[in-house]
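In: predicted model, plus sequence, below.
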Amino acid sequence: MLNVLNRELDANFSLAAFEHKALFNDRDSRIEMRLRARNDQRVRLGKLDAEIDIAAGEEILTEVSRKFTEATLQQTLARAGLVLQEHLEATNGAYSLVLARVT
């Protein structure tokens, strides 16, 4: 992600200045990927004509991976005004494909 920001925004993030952190957020039932700053730093975002200060220990959320049960999947779809039409799951349970339709 930092490489993309450096390239697309003419930024100067130092990849070595961050460490990767993965954790499971129990409250939201999701896996979160974060980058944690190893030290205080000031980053230039050239294309935005801006600078940001990042404190040591500060984290940037880079990815969220949600895990659903059949019940939580149906609840999430219902909140979006959708109903589960078909749910195809891999034999090992690693992923699934959902077909939903408007209620």
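Out: All right, it came through fine. Residues are numbered from 1 along each chain as shown.

In: okay, CA-based contacts and neighbour counts for the rest of this
Out: Fine.

In: can you check the pLDDT for Thr69?
Out: With respect to pLDDT, Thr69 scores 82.

In: burial count for it?
Out: Neighbour count of Thr69, defined by other C-alpha atoms under 10 Å: 8.

In: state the mean pLDDT of stretch 78-91.
Out: Mean predicted confidence for stretch 78-91 is 93.

In: please apply the same query to stretch 27-42.
Out: Mean predicted confidence for stretch 27-42 is 94.

In: just list what the host helix or strand of Arg34 packs against, helices and strands only.
Out: Element membership for Arg34 (DSSP states H and E) is strand 30-37. Packing contacts for strand 30-37, counted by 3 or more C-alpha pairs under 8 Å, 6 or more residues apart in numbering; DSSP states H and E, involve strand 18-25, strand 59-66.

In: can you give me the strands for the chain?
Out: In the chain, the strands defined using DSSP state E lie at 18-25, 30-37, 41-45, 50-54, 59-66, 82-89, 96-102.

In: rewinding a little: who touches the strand holding Arg34?
Out: With contact meaning C-alpha atoms under 8 Å, 6 or more residues apart in numbering, strand 30-37 is reached by 17-25, 54-67.
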